[in-house]
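Colleague: dropping a prediction and its sequence here:
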Amino acid sequence: MPRQRLSKLDPAVRARIVEAARAVFAEHGYEQASLNAIIEQAGISKGVLYYYFEDKTDLYLAILQEITAAQALVMSQKAPELTGDYWQDMRMAMYQRAVMISTDPVTSRLFQDLYLQAQKPGEHNPFREYLDKENEIAMEVIRLGQESGIMRSDMSLPLLADLLFTISDVLTKSLLIGKGALPEEELEAFADLQLKIIQKVVEPAGS
């Protein structure tokens, strides 16, 4: 993951690196993207890049962190709109993520590559580890759902979480990734569908 010294990077230089990396990764994909192209486009030396990032994967995951941080900021700004209703608030988070992926082709391409790389076999897969780390927050939400009786308790937390993540990933990859900018009504329908399927699977019997 990005080195701690990255936080001390000059904001203007950081912005140039991030912008160049987003552009190159979006145009060529992770596999074909060249660090030399990013270095040239950002107008920095190779030494500067490697001082802050270990390799191409490290840089790629740092860009994804920028995106997820932006999403977290949007959700924090939406906090006053949260209803306190577990399912409706979850739907809002689903909708905001769908908007982020659909309206930004760069984000869509980055997530597409993330899922592809995470599926590759190997004991040490930094892309899969990144997804696991991002899912830790969702795990806490699921745990609260189980404890409050909103979600079924006849499955272990890890199994239930894996089930929800699989549903979310499949729907995202099949209905959002690579589809371009979708109209608002389709994004709303996507959030409704995702919530409906998840509720059907994880709500206690008789709910």
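Modeller: Okay, I see it. Numbers count the residues shown, from 1 in each chain.
Colleague: tell me how far stretch 29-45 lies from the chain's centre.
Modeller: Taking Cα atoms, centre = their mean, to the nearest Å, one finds the center of stretch 29-45 at 22 Å from the center of the full chain.
Colleague: list the buried ones in that stretch?
Modeller: Neighbour-count burial for stretch 29-45, counted by 16 or more other Cβ atoms under 10 Å, picks out 30, 33, 35, 37-39, 42, 44. Any C-beta I mention is one placed from the backbone N, CA and C, and that applies to glycine too.
Colleague: let me see the contact set for residue 135.
Modeller: 161, 165 (Cβ atoms under 8 Å, 6 or more residues apart in numbering).
Colleague: show me the contacts for residue 130.
Modeller: When contacts are counted by Cβ under 8 Å, 6+ apart, residue 130 touches 61, 64, 114, 118.
Colleague: including neighbour count, secondary structure and pLDDT, could those go into TSV?
Modeller: TSV is the format used below for these (neighbours: other Cβ atoms under 10 Å; DSSP: H, G, I helix; E, B strand; the rest coil; pLDDT from 0 to 100):
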residue	neighbour count	secondary structure	pLDDT
61	20	helix	92
64	19	helix	88
114	21	helix	90
118	16	helix	89
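Colleague: coming back round to it: show me which pair in the buried residues of stretch 29-45 is furthest apart.
Modeller: For the buried residues of stretch 29-45, the maximum inter-member distance is 20.2 Å, found between 30 and 44 (Cβ to Cβ).
Colleague: which of the buried residues of stretch 29-45 lies closest to residue 139?
Modeller: residue 30 (26.2 Å).
Colleague: for the closest one, which non-adjacent residue is spatially closest?
Modeller: Using Cβ to Cβ, 6 or more residues apart in numbering and skipping residues adjacent in sequence, the residue nearest residue 30 is residue 113, 4.2 Å away.
Colleague: how far away is the one you found from residue 173?
Modeller: Here the criterion is Cβ to Cβ, to the nearest Å. By it, residue 113 lies 12 Å from residue 173.
Colleague: have a look at these two and say which one is more surrounded.
Modeller: A side-by-side neighbour count of residue 113 and residue 173, using other Cβ atoms under 10 Å, places residue 113 first with 20 against 14.
Colleague: what does the helix or strand harbouring the more buried one contact?
Modeller: In this assignment (DSSP states H and E), residue 113 forms part of helix 105-118. Defining contact as Cβ under 8 Å, 6+ apart, one finds that helix 105-118 is touched by 22-23, 25-26, 29-31, 60, 63-64, 67, 100-102, 125, 127-128, 130-131, 169, 172-173, 176-181.
Colleague: for stretch 166-185, same thing?
Modeller: Applying Cβ under 8 Å, 6+ apart, the contact partners of stretch 166-185 are 94, 97-98, 101-103, 105, 108-109, 111-112, 115, 190, 193-194, 197-198, 201.
Colleague: would you map the strands across the protein?
Modeller: Counting by DSSP state E, the chain has no strands at all.
Colleague: enumerate every residue touching the residue nearest the centre of it.
Modeller: Note on the chain: the residue nearest the mean C-alpha position is residue 68, at 5.7 Å, using Cα atoms, centre = their mean. When contacts are counted by Cβ under 8 Å, 6+ apart, residue 68 touches residue 134.
Colleague: how far is the least confident helix or strand in the chain by mean pLDDT from where the chain is centred?
Modeller: Every helix and strand of the chain was ranked by mean pLDDT, DSSP states H and E. The lowest is helix 56-77, at a mean of 80. Taking Cα atoms, centre = their mean, the mean C-alpha location of helix 56-77 is offset from the chain mean by 8 Å.
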